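J.: prediction below, plus the sequence it came from.
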Amino acid sequence: MIEIDDQNFIEQMLNSPKLAVLDFGGVWCQPCKKLEPILDEVAGEYAERIVVGHCDVAKGPATAKRFGIMSVPTVVLLKGGQEVDRFVGLQGKPKIVEMIDRHL
């Protein structure tokens, strides 16, 4: 998982030729901590087809604002630089995989 902030967001996520999965969270957020290993596992399984990034909202406030992040965790899928899907809250691996598969 790539650490995303306001400086590297465009290069790492927006300009990615792969489906980009961007996880917004915070170090203080318990559901975010539970989601992280799930996304790490998915990132490994889909390494050739997706890029997964994590943006701590305190370190990437402009990026969080750009996507209207109101609560964490929020995961946004980007394809060709455009948002194609998102979910808010802790989700299990099956739902995350289903959402990713829809956009590959």
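T.: Perfect, thanks for sending it.
J.: identify the single longest helix in the chain, thanks.
T.: If you go by DSSP state H, the chain has its longest helix at helix 30-45.
J.: which strands or helices does it pack on?
T.: strand 19-25, strand 50-56, helix 93-103 (3 or more C-beta pairs under 8 Å, 6 or more residues apart in numbering; DSSP states H and E). The C-beta positions use only the backbone N, C-alpha and C, and glycine is treated the same way.
J.: put the alpha carbons of the second one into CSV.
T.: Output of strand 50-56 as CSV, limited to C-alpha atoms (Å, rounded to 0.1, in the frame of the first residue of the first chain):
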residue,chain,number,x,y,z
ILE,A,50,-4.6,-2.3,-9.2
VAL,A,51,-2.7,0.2,-7.1
VAL,A,52,-3.8,0.7,-3.5
GLY,A,53,-3.0,3.8,-1.5
HIS,A,54,-3.7,5.0,2.0
CYS,A,55,-4.3,8.7,2.7
ASP,A,56,-4.3,9.8,6.4
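J.: between helix 30-45 and that strand, find me the angle.
T.: 160 degrees (axes from the mean of the first three to the mean of the last three C-alpha atoms, to 10 degrees).
J.: who does strand 50-56 pair up with?
T.: strand 2-4 (parallel), strand 19-25 (parallel) (DSSP bridges).
J.: now tabulate these in CSV and tack on mean neighbour count and mean pLDDT.
T.: Output for those, formatted as CSV (neighbours: other C-beta atoms under 10 Å; pLDDT from 0 to 100):
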stretch, mean neighbour count, mean pLDDT
strand 2-4, 17, 95
strand 19-25, 24, 97
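J.: of the ones you listed, which is nearest residue 90?
T.: strand 19-25 (10.4 Å; C-beta to C-beta).
J.: contacts for that closest one, please.
T.: 1, 4, 12-14, 32, 35-36, 39, 42-43, 49-57, 60, 64, 67, 69, 72-79, 100, 103-104 (C-beta atoms under 8 Å, 6 or more residues apart in numbering).
J.: again, 6 Å this time
T.: If you take C-beta atoms under 6 Å, 6 or more residues apart in numbering as the criterion, strand 19-25 is touched by 13, 32, 39, 50-55, 57, 64, 69, 72-79, 103.
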